[in-house]
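Q: Requesting a structural model of the entry that follows:
(2 chains)
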2 protein chains.
Amino acid sequence: MVTKGEETRAAVLGHAIALASELGLEGVTIGLLADRAGMSKSGLFAHFKSKESLQLAILEETLSRFVQSVVLPALKKPRGEPRVRALFERWLDFACDMPGGCIVVQAMAELDDRPGPVRDRLEAAQRDWLDTLATAIRIAKEEGHFEARIAPEQLAYEIAALAHGHHLISRMLRDPEADARVRRGFDRLLRQARAAD
Amino acid sequence: MVTKGEETRAAVLGHAIALASELGLEGVTIGLLADRAGMSKSGLFAHFKSKESLQLAILEETLSRFVQSVVLPALKKPRGEPRVRALFERWLDFACDMPGGCIVVQAMAELDDRPGPVRDRLEAAQRDWLDTLATAIRIAKEEGHFEARIAPEQLAYEIAALAHGHHLISRMLRDPEADARVRRGFDRLLRQARAAD
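A: Numbering: from 1, shown residues only, chains lettered A, B, ... in the order given. Okay, the predicted model is just below:
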């Protein structure tokens, strides 16, 4: 059963995610969020205690949505190349659905030099994402979709870097070609990975 | 001849670039910079007028260093693949030499949603970089180093995205393997582009 407190918290986190997408995780303050959510600052402090715990809550909620809309549906795809492709396609959709850009990609740029629990959580999430990709690639080798010589960690790194870099560049340039370009880049990576017939 | 005012400005910009690398372009304030440079806030206002003009000056100085240490030396390399490679290698060195990460990559994440002259300058710089890469690739086709079917803008996009994404990921993970991974990714892109013997 969802309590009233949990409902409020979920609604506030929705506003907080929209703010973080526009302003970056560092830009979200309890004051701005209070305005956006139509609540008092003291009410928000009761929910989030500090700016750091608010940032952690935003990040945790974003990562949980990421698992829901990227990882879990991809795991339902057939083992092998279809699953690798689903992880990539769904990542693109997920990042593009945030109107101000992906919170996680932006936070990586912002927080790389600021030790603490928010950075730790971001780092762990990034490792998890690379592991998820590498595992899907390893399975694609087992299924005979990809060549035996393919190194899963290497290909996972190339896919993740291409997608992250694309997100940064395409959001700056607002170039309608960018989406087609990153997909061609990804297709080329898969073509190379595929077992020679 | 360099005037005293120009000398001071150059010294202050050195401090400002170091601060921006740590804190992001948005994190640099005239107050913080005054502390770092050992100057008065009013003295700095005389040089930079506003936070926006300070940001523009930092960005302009960074881009001018980029041209000096990446683009110009690469243009002295032989036409073709060596020049494409030099652009990539020097970009990596340039970005890694900023102890807090590349100002330009970070600013792309920060400022993508904030219209204004700083964003405009960043966007133009990003277009210039893609054009520089695409031109070097076009020349490599003319020289017969790369296959005729290679689309210069596409390959330029893949190289730039890989490098930008690598910068974000490697700074988060502090993974000693990351440098080797991005180089392998780049080598693979070039191998595919190369004319079949």
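Q: The one helix or strand A:Arg191 maps to - contacts with which helices or strands?
A: Of the helices and strands defined by DSSP states H and E, A:Arg191 is found in helix A:178-193. Helices and strands touching helix A:178-193, as assessed by 3 or more Cβ pairs under 8 Å, 6 or more residues apart in numbering or on different chains; DSSP states H and E, comprise helix A:81-96, helix A:152-173, helix B:152-173, helix B:178-193. (C-beta placed from N, C-alpha, C; glycine too.)
Q: For it, what is the distance to the chain centroid?
A: With Cα atoms, centre = their mean, to the nearest Å as the basis, helix A:178-193 stands 19 Å off its chain's centre.
Q: next one: stretch A:143-151
A: Taking Cα atoms, centre = their mean, the mean C-alpha location of stretch A:143-151 is offset from the chain mean by 26 Å.
Q: Just the mean pLDDT for that stretch, thanks.
A: For stretch A:143-151, the mean pLDDT works out to 96.
Q: tell me how far the longest helix seen in chain A is from the chain's mean position?
A: In chain A, with assignment by DSSP state H, the single longest helix is helix A:117-142. Offset of helix A:117-142 from its chain centre (Cα atoms, centre = their mean): 11 Å.
Q: and A:Asp175, which of the three is it?
A: Going by DSSP: H, G, I helix; E, B strand; the rest coil, the secondary structure assigned to A:Asp175 is coil.
Q: what about it, neighbour count?
A: 18 (other Cβ atoms under 10 Å in any protein chain shown).
Q: quick one: it from chain B, how far?
A: A:Asp175 sits at a distance of 9 Å from chain B (criterion: Cβ to the nearest Cβ, to the nearest Å).
Q: Check A:His164 too.
A: Remark: distance between A:His164 and chain B (Cβ to the nearest Cβ) = 4 Å.
Q: next one: A:Glu22
A: Computed with Cβ to the nearest Cβ, the distance linking A:Glu22 and chain B is 6 Å.
Q: before we move on, what about A:Gln55?
A: Here A:Gln55 is placed at a distance of 15 Å from chain B (Cβ to the nearest Cβ).
Q: Run through the residues that contact that residue.
A: Contacts for A:Gln55 (Cβ atoms under 8 Å, 6 or more residues apart in numbering or on different chains) come out as A:Leu25, A:Glu26, A:Val28, A:Val118.
Q: What's the ChimeraX syntax to select whichever of these are buried?
A: When burial is assessed using 16 or more other Cβ atoms under 10 Å in any protein chain shown, the buried subset of the contacts of A:Gln55 is captured in ChimeraX by this command:
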select /A:25,26,28,118
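Q: quick one: least confident of the contacts of A:Gln55?
A: When the contacts of A:Gln55 are compared, A:Glu26 shows the smallest pLDDT, 86.
Q: What sits closest to it if chain neighbours are left out?
A: In space, and not counting its chain neighbours, A:Glu26 is closest to A:Glu110: 5.2 Å by Cβ to Cβ, 6 or more residues apart in numbering or on different chains.
Q: So that neighbour versus B:Leu92, what's the distance?
A: From A:Glu110 across to B:Leu92, the span is 22 Å (Cβ to Cβ, to the nearest Å).
Q: One more: A:Arg121?
A: When distances are taken as Cβ to Cβ, A:Arg121 and B:Leu92 turn out to be 28 Å apart.
Q: And A:Glu60, by the same measure?
A: With the distance defined as Cβ to Cβ, A:Glu60 ends up 33 Å from B:Leu92.
Q: Of the two, which one has the most company?
A: A direct count of neighbours by other Cβ under 10 Å for A:Glu60 and B:Leu92 places B:Leu92 higher, at 18 against 13.
Q: Could you list the low-pLDDT ranges of chain A?
A: A:1, A:196-197 (pLDDT under 70).
Q: swap the cut-off to 50 and go again
A: Low-confidence regions of chain A, defined here as pLDDT under 50, cover residues A:197.
Q: Need the max-distance pair from the contacts of A:Gln55.
A: Within the contacts of A:Gln55, A:Val28 and A:Val118 form the most distant pair, 11.5 Å apart (Cβ to Cβ).
Q: Could I get the contacting residues of the closest residue to A:Thr135 other than its chain neighbours?
A: Leaving aside its sequence neighbours, A:Thr135 sits nearest to A:Pro152 (Cβ to Cβ, 6+ apart; 7.4 Å). Remark: with contacts taken as Cβ under 8 Å, 6+ apart, A:Pro152 is in contact with A:Leu133, A:Ala134, A:Thr135, A:Ile137, A:Arg138, A:Lys141.
Q: what about 7 Å?
A: Contacts here follow Cβ atoms under 7 Å, 6 or more residues apart in numbering or on different chains; on that basis A:Pro152 touches A:Ala134, A:Ile137, A:Arg138.
Q: most surrounded residue in these?
A: Among the contacts of A:Pro152, A:Ile137 has the most neighbours (other Cβ under 10 Å), with 26 neighbours.
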